[in-house]
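Novice: Fold the following.
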Amino acid sequence: MRCRIPTEGKPASNGRFWDKISEPRMPISYTSRLIALLFCGPIWLIAHAVPAAAEETATFKSTARVVTLDVVVSDSNGKPVHGLNAQDFRVMDNGKAQEIDAFEERRADVTPRPTIALNLPDGVFTNYVSRAEQGALTVLLFDSLNTDHQDLAVARNGVLNFLKQLPHGKRVALYSLGSQLRMVQGFTDSPDQLIAAAQWLSTHSHWTYSNARELSASIGELKESAAATQPKLLNRMIEVLGGEYERKLESRVQYTVDALTELAHALAVVPQRKNLIWISGGFPFDVSGNAPELHKLAELLAANRIAVYPVDARGVVGVGATGLTRGSEIFGSSQSYETSSGQDEENAGITQTMRNIAEITGGRAHFNRNDIAAAMADSMEAGSNYYSVAYRPTGVEWNGKFRKIAITASRPHVKLLYRSGYYAIPDGPDLKEDPNHVVAMAMQRDVPVSTQLIMKARVVPPKENAEAVKVDILIDAHDLALSEEKGQKTPQVQFVAAAWDNAGKQCANFSQVFRAASEAQFQSMLRSGLQVHLDVPLKPGSYQLRLGVMDLLANRIGTLDVPLIIGTATTK
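Specialist: Next up, the predicted model:
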């Protein structure tokens, strides 16, 4: 693989997106620079790909941290309250009053801004999303990983009923969660497209799914079997069942954390609030626990303005006849089956974890109700109108501990919905995601593309069968974190590419780390962007090509899918 960077080009705007705190929307200066890069000419200078240095280097980052809150304000009837300004709000961070630096009202009833027409040339692709909504966007997540099969068919019907009643003009995306996250339908305002996609949602539980009822039933069967006559053997078999249950739970925790991380990466480019309506039978972890990985997940969701609205797919949880029978037959006690089997504790835990992830992200949990479609509609409507409030917290010790946020409004008789706080996580490398894991997950064939880094790619199929596919990738160097070593500022960027054929077989895989080799190259890169060239050898056929760019210093990634046909391809 050869790496190239531009040597000429018009200087990019000095306006930085994160510096313009007074303008929560994407500023024109940033958009102009981005569009300019999308259309810039191929004027390159050959550079070298240099492996990242092993020694520790200084990384540049802002010391002024910003906390952004989306505040939903409603009256006593649940209707949105409009027309408030910054002076109407008081923000407290761990009991200390904060000065509001940026403020904006976002309304769902305002006409969307015009779409920016990119009109890219043939063979040129980007992961940039040009349309910006005035209100919040809605993302549906159908969870077959953490839901019992007997609840999935009812939950899918609830999703379909919700989509059939979808108001005109509402843009919704649909994802599913199994062993990995899948985008079933991207953002669209067409109910017909969403309904057609939702018909394919799986009603089969993932093989790792298990619950307290199933575990208790298995133990009950053992106690009724011949093994009951051998206490040591019985206890050993019960331990095996318990260990299998724990291993399945651990797998579901990792799958779910990975999926939410990928979803946050995929939605990163969408600047406004995203209401994530998560239809699930329960969450396998609690974001308010002590695990640093879960704290990072909570902060990632908050940083990408994703408010979680859990909808319990189990509906109203009650006592079944089978449970009552087993309670008398197996346990021989006056306790209910739900109490003896651990279901009461499990149900309480599910309810609490749903509450916790909703509170820490600014959403609201819906449980113990059978009208799944209505719960989804309530979630979408409640989060569609909101106020964006941003402040720079003062006197904060970035020690990883949770800091509580309290907001009050001067308008009487209103209700406020916002995230309950944040984890004061420092930027140290020990708390970053493993970059290898981030790349491995983001470069899987069926996961949604990531938009944390915006990229443009030009893909040219070979004219002769013996030639390689020519790929050029361009990114805005201003979006990259920088390290300094011996007075030289440089990014550390990993470029990756993978190709799959129609059968899903991976046919090519490339990875290379780039670092600027001189001050002249670095300055040129700031003017015209960082561009690399890849030669990808592939045989004639149809392929899905996934390209990726990973900022190793900031742990931010962008990916892009390109359909590719070489020669005369046969569809399989």
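Novice: Going by C-alpha atoms from here, please, whenever you check contacts or count neighbours.
Specialist: OK.
Novice: Quick check: the nearest residue to G529 once chain neighbours are set aside vs T147, distance?
Specialist: The shortest distance from G529 to any non-neighbouring residue, by Cα to Cα, 6 or more residues apart in numbering, is to D476 (4.7 Å). Look at D476 and T147: by Cα to Cα, to the nearest Å, they are 42 Å apart.
Novice: More neighbours: those two, which one.
Specialist: T147 (26 against 23; other Cα atoms under 10 Å).
Novice: Number of residues surrounding P426?
Specialist: A count of nearby residues for P426, using other Cα under 10 Å, gives 13.
Novice: Wait, it touches E299, no?
Specialist: No. Judged on Cα atoms under 8 Å, P426 makes no contact with E299 at a distance of 11.2 Å.
Novice: returning to that earlier point: just the local confidence number for the residue nearest to G529, please.
Specialist: Predicted confidence (pLDDT) for D476: 91.
Novice: Where in this protein is the helix or strand with the lowest mean pLDDT?
Specialist: Least confident helix or strand of the chain, by mean pLDDT, DSSP states H and E, is strand 44-47 with a mean of 29.
Novice: Can you tell me how far R65 is from K401?
Specialist: The gap separating R65 from K401 is 15 Å, by Cα to Cα.
Novice: oh, I was asking about G363
Specialist: Note on G363: its distance to K401, by Cα to Cα, is 21 Å.
Novice: So for those two, which sits in the more crowded spot?
Specialist: Counted by other Cα under 10 Å, G363 and K401 do not tie: G363 has more neighbours, with 28 against 14.
Novice: Please identify which helix or strand holds that one.
Specialist: Assigned by DSSP states H and E, G363 falls within no helix or strand.
Novice: what's the answer for V471, then?
Specialist: Using DSSP H and E, V471 falls within strand 469-475.
Novice: what about dumping the CA coordinates of that strand to PDB?
Specialist: Extracted C-alpha coordinates of strand 469-475, given in PDB (Å, rounded to 0.1, in the frame of the first residue of the first chain):
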ATOM      1  CA  VAL A 469      -8.600  -2.000  -7.800                       C
ATOM      2  CA  LYS A 470      -7.300   1.600  -7.200                       C
ATOM      3  CA  VAL A 471      -8.600   3.200  -4.000                       C
ATOM      4  CA  ASP A 472      -7.900   6.700  -2.800                       C
ATOM      5  CA  ILE A 473      -9.100   7.800   0.600                       C
ATOM      6  CA  LEU A 474      -9.200  11.400   1.800                       C
ATOM      7  CA  ILE A 475      -9.900  12.800   5.300                       C
END
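Novice: The lengthiest helix in the chain - contacts with which helices or strands?
Specialist: The residue-count maximum for a helix in the chain (DSSP state H) belongs to helix 231-266. Counting contacts by 3 or more Cα pairs under 8 Å, 6 or more residues apart in numbering; DSSP states H and E, helix 231-266 is packed against strand 181-188, helix 212-223, helix 292-303, helix 435-442.
Novice: Which neighbouring elements make contact with the last one?
Specialist: So the one you mean is helix 435-442. helix 231-266, strand 556-566.
Novice: Could you identify which of the ones you listed is most buried?
Specialist: Compared across these, strand 556-566 shows the largest average neighbour count, a mean of 21 (mean count of other Cα atoms under 10 Å).
Novice: With only the CA atoms kept, save that strand in CSV.
Specialist: The C-alpha coordinates for strand 556-566 follow below in CSV (Å, rounded to 0.1, in the frame of the first residue of the first chain):
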residue,chain,number,x,y,z
ARG,A,556,-12.3,7.6,16.6
ILE,A,557,-13.2,5.7,13.4
GLY,A,558,-15.0,6.3,10.1
THR,A,559,-16.0,3.6,7.7
LEU,A,560,-17.6,3.5,4.3
ASP,A,561,-19.1,0.8,2.1
VAL,A,562,-18.6,0.7,-1.7
PRO,A,563,-20.4,-1.8,-4.1
LEU,A,564,-17.8,-3.0,-6.5
ILE,A,565,-18.1,-5.0,-9.8
ILE,A,566,-15.0,-6.2,-11.6
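Novice: Who are the packing partners of that strand?
Specialist: Helices and strands touching strand 556-566, by 3+ Cα pairs under 8 Å, 6+ apart, are strand 124-126, helix 435-442, strand 455-460, strand 541-551.
Novice: can you list the residues that contact that strand?
Specialist: With contact meaning Cα atoms under 8 Å, 6 or more residues apart in numbering, strand 556-566 is reached by 125-127, 265, 438-439, 442-443, 449-455, 461-462, 538-551.
Novice: Kind regards, and thank you for your time.
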